[in-house]
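Peer 1: Let's see this in three dimensions:
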Amino acid sequence: MGKKRLTRRDFFRYGLSAAGVMIMPNVSHAGFFDMLFGRRGKLDVRQEVKKSFEAYRVDPDLDYYIAGSSPWPVAIVGMDKKYTMDHTKKTWKKVRMNTKTLKTMVDRMKHMAPMLAGAKRSTLRFYGCDILDDKGNRVGTWYSATRQAVVKMKENNQIYLFAPSGWC
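Peer 2: Numbers count the residues shown, from 1 in each chain. Reported below is the predicted structural model:
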């Protein structure tokens, strides 16, 4: 059997392109992936973070944001004050957080989640997570019924978080 020749269709099937193949030798692998996908952070599930939110502890070193409506948020984020949230899509709303406000939001989330998620998800769990930058440094905290989000590090200490659109 002879060698299989790559077709143009194979290039697209395997995510290759002539431009990508030509650029690759001139760019380091990390730089190449940064160019394609940007610098990505992640969520790290932490029981301590969940307990902190559910004990209604407000950290004065964090700015707080919510996704969803003010009375019924789907996620609450505390972001280190050194960073700003890129909320150009108006997904995240900055809120002045105090213990009373946090208690109201967390309690409403826990009360409404099973109804909004449907009868099959009546035992919906909530997660507390550290938000980590692309180097693994903690830049904030997360509380939601989902533990997955896109965390993209941008220039000038801006962070883009792709928020959950509803109850999981």
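Peer 1: Now do the helices in this protein.
Peer 2: 8-13, 18-23, 29-37, 47-54, 99-117 (DSSP state H).
Peer 1: and this protein, what are its domains?
Peer 2: 1-35, 38-162 (automatic domain parsing).
Peer 1: Lowest average confidence across these, which one?
Peer 2: Note on those: lowest mean pLDDT is at domain 1-35, with a mean of 48.
Peer 1: can you give me the strands in the protein?
Peer 2: Listed in chain order, the strands of the chain (DSSP state E) span 39-45, 62-68, 73-80, 84-85, 92-95, 127-132, 138-144, 150-153, 158-162.
Peer 1: among the ones you listed, which is nearest residue 111?
Peer 2: Smallest distance to residue 111 across the strands of the chain (C-beta to C-beta): 12.2 Å, for strand 73-80. Any C-beta I mention is one placed from the backbone N, CA and C, and that applies to glycine too.
Peer 1: That closest one to strand 158-162, inter-axis angle?
Peer 2: Here strand 73-80 runs at an angle of 160 degrees relative to strand 158-162 (axes from the mean of the first three to the mean of the last three C-alpha atoms, to 10 degrees).
Peer 1: report the angle between the axes of strand 73-80 and strand 138-144?
Peer 2: Using the same axes, to 10 degrees: strand 73-80 against strand 138-144 is 170 degrees.
Peer 1: Show residues contacting strand 73-80.
Peer 2: The contact list for strand 73-80 (C-beta atoms under 8 Å, 6 or more residues apart in numbering) reads 53, 59, 61-68, 85, 92, 97, 102, 105-106, 108-109, 131, 138-146, 149, 159, 161, 163-167.
Peer 1: Can you turn the buried part of those residues into a PyMOL selection?
Peer 2: Command for PyMOL, covering only those of the contacts of strand 73-80 found buried under the criterion 16 or more other C-beta atoms under 10 Å:
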select buried, resi 53+62+63+64+65+66+67+68+85+92+97+102+105+106+109+131+139+140+141+142+143+144+145+146+149+159+161+163+164+167
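Peer 1: how about the closest residue to residue 156 other than its chain neighbours, what does it touch?
Peer 2: With C-beta to C-beta, 6 or more residues apart in numbering as the criterion, residue 156 has its nearest non-adjacent residue at 7.8 Å, and that residue is residue 84. Applying C-beta under 8 Å, 6+ apart, we find residue 84 in contact with 156, 157, 158, 159.
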